[in-house]
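Asker: Okay, here's the prediction I keep looking at, along with the sequence it came from:
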2 protein chains.
Amino acid sequence: MEKPQKLLVLINSLGMYDWSLAAKFFLNTQVFAGAVGNGGSERHQNFLNQTRNMEVGSNICNNQMSHGSNTKAIRTVAHFDASTKEFILNSPDFEAAKFWVGNMGKTATHAVVYAQLYTSDGQCHGLHSFVVQIRDPKTLLPMPGVMVGDIGKKLGQNGIDNGFAMFYNVRIPQENLLNSTGDISPSGKYTSRYKDPKQRLGASLGTLSSGRVSIIGMTVVNLKLVVSIAIRFSATRRQFGPTEKEEIPVLEYQLQQWRLIPYLAAAYALDYFSKSFFMNLIELQIGILMKDRSPRQAELGKEIHALSCAGKPLASWTAQHGAQECREACGGHGFLAINRLGDIRNDNDPNCTYEGDNNVLLQQTSNYLLGLFHSIREDNIPCESPLGSTHFLNDFKTILSHKFTARTARECLDCTVPLAAYKWLVCYLLRESNQKLQQERQKATNDFDARNNSQVYYCRSLALAFIEHTILQRYYDYTHDTSTPASLQPVLRKLCTLYGLWSLSKHMAVLYQGGYFTGELPGKIIQDAVLELCAELKDDAVSLVDAIAPPDFILNSPIAKADGELYKNLWSAVLQGEKVLERPSWWAEFCTKKPLIAKL
Amino acid sequence: MEKPQKLLVLINSLGMYDWSLAAKFFLNTQVFAGAVGNGGSERHQNFLNQTRNMEVGSNICNNQMSHGSNTKAIRTVAHFDASTKEFILNSPDFEAAKFWVGNMGKTATHAVVYAQLYTSDGQCHGLHSFVVQIRDPKTLLPMPGVMVGDIGKKLGQNGIDNGFAMFYNVRIPQENLLNSTGDISPSGKYTSRYKDPKQRLGASLGTLSSGRVSIIGMTVVNLKLVVSIAIRFSATRRQFGPTEKEEIPVLEYQLQQWRLIPYLAAAYALDYFSKSFFMNLIELQIGILMKDRSPRQAELGKEIHALSCAGKPLASWTAQHGAQECREACGGHGFLAINRLGDIRNDNDPNCTYEGDNNVLLQQTSNYLLGLFHSIREDNIPCESPLGSTHFLNDFKTILSHKFTARTARECLDCTVPLAAYKWLVCYLLRESNQKLQQERQKATNDFDARNNSQVYYCRSLALAFIEHTILQRYYDYTHDTSTPASLQPVLRKLCTLYGLWSLSKHMAVLYQGGYFTGELPGKIIQDAVLELCAELKDDAVSLVDAIAPPDFILNSPIAKADGELYKNLWSAVLQGEKVLERPSWWAEFCTKKPLIAKL
C-alpha cells in the first residue's frame, strides 16, 4: 500500500519476459483476489489466503460464449435453495457457457462466477458474483456438475489456459455469495444496499475498471520492446548506399526514421502517461477504501473512467501498429519467430479486445465529454474535472476562433503548436459530435440508434483526439517541469513534439475541414517538422532505446542485443535451434518409401 | 499455355486451404522451374523433368543473411576450375549464408544459387545462377561441403521449411551454370550476350518479376477469406440493442459496417485488378517467349513493372490491415486460433516483405512516373503506355486546374467523383514529388540522398495514389462494361464507388492541402457518402461474401460457416479439440508434488 507502483513494476517486468506468466500471476493475485476482496466480506477471507499461498488457482468469469461486452445479458442462474442454504448454479445452454476465462482451461480450482440471483420465491435480483469451486485442488479433476475445458489455441498468450465452463445443478454454500452489494438473510430474504438494480450492477462491475489502467501499462511495455528491437536492428543492418562500395545503416534512411522514431516518441510519451495515470487510479482507490463520498471523489471516478476508456484503445492500437511497423521494418528477420516481434505483436493483440472492445469503449469517453459540453454550454456550469484534463473546454468558444499561425517548419518544432491544434481539434469535434447527435436524434426513433449513428467520424474521433491531447499535455508538462533533469529536457522535448505532430498528422484532414488550417503551408510545414525531428533524433535513437530496453536475456531477440553484433547473434541463435541441421524424421517417406495416393 | 489462368486458380485454391502447401508447390514447379527454364538452356532440361516428376525438391537462393533487397551485394563466389571443368562454390563467411530460402530447411535437393562468377584468370563476371545439388535425393543428407539447415519458426507459413545454406568448396559440373546470359566456352573463356554488366543483372533477375503479380493474387485470397469470416460472424453475432429485450446483429451497427464493408469492396476491386493484371503479365510473357523486341513490348515491361511494384505493396497492406480489422471486429472469438483469422493474417504478413520490401518497391513506381512526367513536360513527348494506366498524365495541366465540384453526398455516390479526385491527386503528387526531388538535388551531394529524402509524403504517396487510381479505373470500367451482367451492375458499382471513396479518404489532407477541396463540405459529403454506401450494402453483404467465400471445409472457420449457426459450430469445434476436457499431464506436479524452488 505504501508503494503501489511496485505491483505495476512487478507485472510489467514479468510481462517483458512473457505475458502469459504475468497474466497467470495477475489473474490469481489481483483479479480474483480483487473481485473477492471488493465484492465479498470477512467470510471470504479464506479464499484470499488460499490464493495468496497458491493452494488454489483461480479466476473470474464474466464473459459468456455469446456475449463479450454486454455483461448485462449474462444468463447463468443461481437459485437459492432455502432448505439446504445453498445456491444451485445452472447454465441454461451452451450459448451461456462461460468462455475465454483465463486460467480456467486447465488449472483454476476456484472462480468468481457472475450469475442472475433468484430467491426461493422465484424472483430475480439481477447479476451477482459467487465463488464457485471448479476443480479439486488435489487432483485437478472437475467438481461434480461442472463441465470445464480449454478453449484451445489462441493467436497469442498461449502460456495461459483460457477455458470454458458450464454448470449443471452445481451446489455451493450460501456464504459463497460475494455479498457487498446484496445478501440473503437467515430467513432467505434478499437484502441490498442499492435500490436501483442498475446502480447495483455498476457496483458489481466496478472492480473490473482498474484492468484498463493496467492494460495501458502493458501496451507501453510492448511498444518499448518492439521499438528497442527495430531501432537496434536498423542501426546495425546495412543495405545499399550512395556508392557501390559503401552500405549505410538502414536507420540513416529518412523513410526508416519516419517509420520507427515516432513510435519511439510514443513509447516515451505513453510511458509517462501510463505511470502518472496509475497514480491517479491509486488516489481513486484510496478514496474508495476510505469510503470518500465527496463530489470530488465521484468526479475523479468519472474522469478516470473516461480517460481509461480512451487510453486503453489508443495505447493498445499504438502498440499494435507499432509492432506491425517494427516487424515490417526488420524485413525477413522481423518475420523470424526467434526475434520475438511476432510474439509481442500477438500477445499485445488481446489488449484491443478484453476489458472492453476498443471501439465500444471509446463511446464511454465521448459520452462523458458530450455531457460536460452540455453543462458548459446549456447550463453555464464550468467544468472542473479533478485531473484537469477537460478544463480547456471551458474556453471552447475562444479556442474555436483560433487559427493555425505557424509559418515555418522551425516554428512547429515547439510543442505548443501541436498542443494548440489539439485543443482546437477536440473543441471542434465536440461541437460537431454534439450537433451530429442532435441531428440523428431528430431522424432516429430512439437514442440507441442516434448514438450509434454518431460514432464514425464524430464521437469516435473525438474520444481519440481527446486522449491524445491529454497524453501530449501531460508529457509536455513533464518535459517542462523543473524536477525533470535539465540535461535531458532537450531530447525529451523533441520526443514530445514529435509525438504531438505525428499524432496530429492523422487528423490533418479535419484540421483543414474545420478551417483551422488553410492553404498548402500548414500541412507542409507540419510534415517538414516531423521529418526534421526524426532526423534530429536518429543519432540519439539507440541511446533512447538503451534507456528503456530490458537486459538482453529479457528482451530475448538475437537481432537486438545491446552489443549490436547483429549477424553473429542471429547466426548463433539459429544454430541453437532444435534439430536445425538434422534431416527430418520422415525422410524415408519423403524419398524412397513415398506413400501412394489414396493408400492411407 | 492455352489457359494460363488455370495455374493461378490452382495456386490460389491451394492457398485458400493452406499457404504453406501452395508455397511448396509454387517454389518447386514455378520458381525453380522458371529460373532454370528462363536462365538455362537445353542442357538443363533434366532438372526440369526431375522437378516435374517430384524426383527432386528444389528452390532458389537469392537472399543472404545480411542482404534482402540488395541482391547486387551477394557475396557467394563460383570459381571456374578449367582443369576439371567444374565450378567451385564458396560462401566467404556466415553473413553471406543463403538465408530464408523456401524448401531449403529440410527438403530441397537442388537449388538455383546466385553467385559471382570468376573465370580461371581471376576475373569476376558478376552475378550468375547455378544449379547446385544440396542434398542426396535418396537420403536427404547434405552433399559434401554443403551446410544446410532450417532457420526455425516463423510468424506464419510454418508448413514451409525455410532454410539457410553455406558452401565450402562445393564442386558442380560446368554445365550447371544457367547460361542464358553468359557461359564458359570450351577453352575456358567467358562469353556473354550482354556487354553492360548492369543489363546482365537485369536479365538474371528478370525471372523473379512475375512473383509480385502472383502475390497480388495471394493477398486478394486472404482478403476474401477474412471478410467472409468477419461478415458472416457479424451477421449472426448479436450484442446489445435498442431495448433490453432485443439484441441486434453487430453488422447492424454503423461502426461495424464502416470497419468491414470497405474491405469487402476492396476484395472485389482488387480481385478484378489481380485477374486482369495477370492477363497483362501473360501478354508480356508471350512477348518474351516470342522474342518480341518491339518498343511496345519494352514499354509493356516497364508499365507492368511499375504497376506490380505498387500493386504488391497496396494489396498486401490492404490484406494485412483488413485481416487485423476483421480479427478485432470478431472480438475474442476472432482471437481464437480455430477461427483462422490469425493464421491468415500471419500467413499474409510475408507478402509485405518478400519479392521486395513494400516501401522499397514503391520507389520503382514513382521513378517510372517521374520519368514519364519529365518526358511529357520537358520533352513534350506524350505518354502512351500500352495498358493506358498513365494516359491521363498527358492532361496534367488541365487536371490540376480542376476543383472538387460535388455539393451533396448523393452526388458522391457516383464513382466518377473519386475517379476525378484521384486523377487530380496523382497529378498533384507527381508535380510535388518532382519539385521536391529537384530541391533535394540542389541540397544533396548525390542523387542517392536526394531520392531518399523525397520518399516520405511525396514519392511514396504518389506511387500508392497511382495504383489506387489504376485499380479503381479498371473496376469502374468493368462495372460499366456491357459484358458485365446488368443485374449485377448496381451492386458492383456501389462496391466500386465505396472502394474509391474509402481509399480516397486516406488522402483527404492532401486534397485540402493542394486546394482541390475547400471548406467543410467536401470532407463531410465524402464521409456521408461512405456511410451511406455501407448502409446500402449491408443487406447484400452476406450474399456478396457467399459469392467469394470458398466452401466451409476450405474456409475452415467455425464462426463463419455458411449455415450461420455461429455458436453451435463454434461449440462443436472447441469440443473436438485435443484433450479439451482432460486434466493436464502435469497435474500432480501442479497440485501435490510441487517442485521446490531451486531444486531443478
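Answerer: That came through, no problem.
Asker: C-alpha from now on. contacts and neighbour counts both.
Answerer: Fine.
Asker: Report the spatially closest residue to residue A:325, excluding sequence-adjacent ones.
Answerer: residue A:259 (6.9 Å; Cα to Cα, 6 or more residues apart in numbering or on different chains).
Asker: Now name the helix or strand holding the one you found.
Answerer: Using DSSP states H and E, residue A:259 sits in helix A:254-289.
Asker: so how far is that helix off the chain centroid?
Answerer: 11 Å (Cα atoms, centre = their mean, to the nearest Å).
Asker: what's the following helix or strand past that helix packed up against?
Answerer: Note on helix A:254-289: by DSSP H and E, the next helix or strand toward the C-terminus is helix A:295-329. Secondary-structure packing of helix A:295-329 (3 or more Cα pairs under 8 Å, 6 or more residues apart in numbering or on different chains; DSSP states H and E): helix A:210-236, helix A:254-289, helix A:331-335, helix A:341-348, helix A:358-378, helix A:460-479.
Asker: could I get those as JSON lines with mean neighbour count, distance to residue A:187 and mean pLDDT?
Answerer: Converted to JSON lines, the helices and strands packed on helix A:295-329 look like this (neighbours: other Cα atoms under 10 Å in any protein chain shown; distance: least, Cα to Cα, whole Å; pLDDT from 0 to 100):
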{"stretch": "helix A:210-236", "mean neighbour count": "26", "distance to residue A:187": "36", "mean pLDDT": "96"}
{"stretch": "helix A:254-289", "mean neighbour count": "21", "distance to residue A:187": "31", "mean pLDDT": "95"}
{"stretch": "helix A:331-335", "mean neighbour count": "23", "distance to residue A:187": "64", "mean pLDDT": "96"}
{"stretch": "helix A:341-348", "mean neighbour count": "24", "distance to residue A:187": "49", "mean pLDDT": "98"}
{"stretch": "helix A:358-378", "mean neighbour count": "19", "distance to residue A:187": "41", "mean pLDDT": "96"}
{"stretch": "helix A:460-479", "mean neighbour count": "23", "distance to residue A:187": "49", "mean pLDDT": "98"}
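Asker: For residue A:437, which of those helices is the nearest?
Answerer: helix A:358-378 (9.6 Å; Cα to Cα).
Asker: Contacts for the closest one, please.
Answerer: A:302, A:305-307, A:309-310, A:312-313, A:352, A:381-383, A:393-394, A:430, A:433-434, A:455, A:459-460, A:462-464 (Cα atoms under 8 Å, 6 or more residues apart in numbering or on different chains).
Asker: how about a cut-off of 6 Å?
Answerer: Residues outside helix A:358-378 that contact it (Cα atoms under 6 Å, 6 or more residues apart in numbering or on different chains) are A:306, A:309, A:310, A:313, A:352, A:381, A:382, A:459, A:463.
Asker: quick one: the second one from residue A:218, how far?
Answerer: Distance, residue A:309 to residue A:218, by Cα to Cα, to the nearest Å: 15 Å.
Asker: Ok, the first one next?
Answerer: Noted for residue A:306: a distance of 19 Å to residue A:218, by Cα to Cα.
Asker: who are the neighbours in contact with residue A:230?
Answerer: Shown in contact with residue A:230 (Cα under 6 Å, 6+ apart): residue A:326.
Asker: let's see it at 8 Å
Answerer: A:260, A:326, A:327, A:329, A:330, A:560.
Asker: So what are the structural domains in chain A, by residue number?
Answerer: As recorded under automatic domain parsing, the domains making up chain A are A:28-190, A:210-544.
Asker: mind putting these in TSV, distance to residue B:294 included?
Answerer: Listed next are those as TSV, based on distance: least, Cα to Cα, whole Å:
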stretch	distance to residue B:294
domain A:28-190	52
domain A:210-544	32
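Asker: which one of those has the lowest average pLDDT?
Answerer: Mean pLDDT per stretch puts domain A:28-190 lowest among the domains of chain A, at a mean of 89.
Asker: Residue A:43 against residue A:175, yeah?
Answerer: Yes. Taking Cα atoms under 8 Å as the definition, residue A:43 is a contact partner of residue A:175 at 7.3 Å.
Asker: So which of those two has more stuff around it?
Answerer: Using other Cα atoms under 10 Å in any protein chain shown as the criterion, residue A:43 and residue A:175 rank with residue A:175 on top: 18 against 12.
Asker: what's the spacing between the more buried one and residue B:179?
Answerer: Counting by Cα to Cα - residue A:175 and residue B:179 are separated by 85 Å.
Asker: cool, residue A:279 as well?
Answerer: In terms of Cα to Cα, residue A:279 sits 70 Å off from residue B:179.
Asker: so where does the closest residue to chain B within the stretch 401-550 of chain A fall, helix or strand?
Answerer: For the stretch 401-550 of chain A and chain B, the shortest gap (Cα to the nearest Cα) falls at residue A:509, measuring 4.1 Å. Using DSSP H and E, the element containing residue A:509 is helix A:508-513.
Asker: show me where chain A has strands.
Answerer: A:58-61, A:77-81, A:86-90, A:98-101, A:110-118, A:124-133, A:146-150, A:163-167, A:170-173, A:182-184, A:190-192 (DSSP state E).
Asker: Mind listing residues that contact the second one?
Answerer: If you take Cα under 8 Å, 6+ apart as the criterion, strand A:77-81 is touched by A:86-92, A:115-120, A:174.
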